[in-house]
Each structure stands twice: as structure tokens, then as C-alpha cells.
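A.B. asks: Got a predicted structure plus its sequence, pasted below:
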Amino acid sequence: MGNVKGILFADYVRMIRGAKSVDWSRHLQPDDLPYLRMRIAPDEWYPMASFERLGNAILAEIARGDLQAVRMWGRLSVEPLRSTNPMLVAERDPVESLTRFRVLRGTFFDFEAISIPMLHDGEARIAIDYGMGMPAEEAACMQAVGFFERVLELSGCTSVSHRFLERSWVVDPRTLLELTWRLG
């Protein structure tokens, strides 16, 4: 299934640690539980299977199944990532911002979870395939929507919209996200 970098894994662990009243063992496997007690190193690799289970647990207990909350979290995740990668957003250049993300993405997963098969002024198509089951894949795609919307806004875009052309969690072999925007 692959691995995810600690910088992303740590976000999930922090969220779970913050909800102390939840019995997380109901959602996680025994080999996931040590991650909740250990220091997560930002530059180390962690198993994608555990990341998926952590995400499903967060979706169930913290987001309560609300995919719009997941989308908002995706939006909010841009600033911390930008603080550690200040070159992520190119002012008034959304194509360059998405290109920079494409390069950065390769440092987060040891497989191609996200690719950008089409990118030009005003439109992008983003292929998403984390290889997870439902509901994790749908939630991860909604998180990606929020993330990309915010990156585009910080690049100076207005009228940012999205639609899913293909959805792996329904029937399609992959997820294909279309983003459109105007430079403001």
C-alpha cells in the first residue's frame, strides 16, 4: 500500500491525541496504537494502512462523517505546510503554484497518490489515488479539494470551483478532480 511522510502522519496523530475522551481502540488495530504515544518524526516514513485507519477514525469521531468539515480541514492544512515550504505558493501564478505542489507531493508519499495530468491557465485536472478503501478515499479527496482551493486562492485566484469527473469511491478506477479558476 505504500508509506506516508511523518509531516502528514503527525497531523492525524495530533488530532487523535487531542480527543482524549474517545476510545480509539474501537477504530484502530493494536499495531496502530503505539503511534499515538510515540514522537512522530516529520521526515520518517509511516505505513499508509495505519494512516488510512487513523483517517477513518478521525472521520467517524471528530468530523462525525461530515465531508465539508474534512474539506475545511484541507483548506486549513495549507498554512502549516506553507510555513515549512514557503515557496509553495507563487503569487499571482496558480499554474506555478500547482506545479510546485506536484514537486512537493513526491516528498509526502512513496507512491504516486496525486498527479496533475492537465494544467493550464484557468483549469487543472488532478488524478487522485491513495489506494484506500471507502470512506477514507472519499474523505481524502474532499480534503484535497479544500487544499487545492486554498492554494489557488493564495495564488490570487477567484471563482475557484471544482467537480469530480471520476470518483473511485463510487465506481471509477480512479478519482479525477477538475479545478477551474480566474486570476483575480
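C.D. replies: Thanks, I have it.
A.B. asks: by contact count, what packs against the lowest-mean-pLDDT helix or strand in the chain?
C.D. replies: Ranked by mean pLDDT, DSSP states H and E, the weakest helix or strand in the chain is helix 78-84, scoring a mean of 92. Applying 3 or more CB pairs under 8 Å, 6 or more residues apart in numbering; DSSP states H and E, one finds that helix 78-84 contacts helix 136-154. All C-beta atoms are positioned from the backbone trio N, CA, C, and that covers glycine.
A.B. asks: If we ignore the residues flanking it in sequence, what's nearest Gln68?
C.D. replies: Nearest non-adjacent residue to Gln68, counting by CB to CB, 6 or more residues apart in numbering: Met142, 7.8 Å away.
A.B. asks: Spatially, what comes nearest to Asp129 if we skip its sequence neighbours?
C.D. replies: With CB to CB, 6+ apart as the criterion, Asp129 has its nearest non-adjacent residue at 4.9 Å, and that residue is Arg174.
A.B. asks: can you count the residues close to Val145?
C.D. replies: 23 (other CB atoms under 10 Å).
A.B. asks: now Ser77
C.D. replies: Using other CB under 10 Å: Ser77 sits among 17 other residues.
A.B. asks: Then the one 4 residues further on?
C.D. replies: Applying other CB under 10 Å, we find 19 other residues in the vicinity of Leu81.
A.B. asks: Isn't it up against Met87?
C.D. replies: No. If you go by CB atoms under 8 Å, Leu81 and Met87 don't touch, sitting 11.3 Å apart.
A.B. asks: can you give me the helices for the protein?
C.D. replies: 6-18, 48-61, 67-76, 78-84, 94-105, 136-154 (DSSP state H).
A.B. asks: Let me know how buried Gly97 is, in neighbour terms.
C.D. replies: That one is not Gly; residue 97 is Ser. Other residues close to Ser97 by other CB under 10 Å number 22.
A.B. asks: Let me see the contact set for the nearest residue to it once chain neighbours are set aside.
C.D. replies: In space, and not counting its chain neighbours, Ser97 is closest to Ser155: 4.4 Å by CB to CB, 6+ apart. For Ser155, the contact set (CB atoms under 8 Å, 6 or more residues apart in numbering) comprises 89-94, 96-97.
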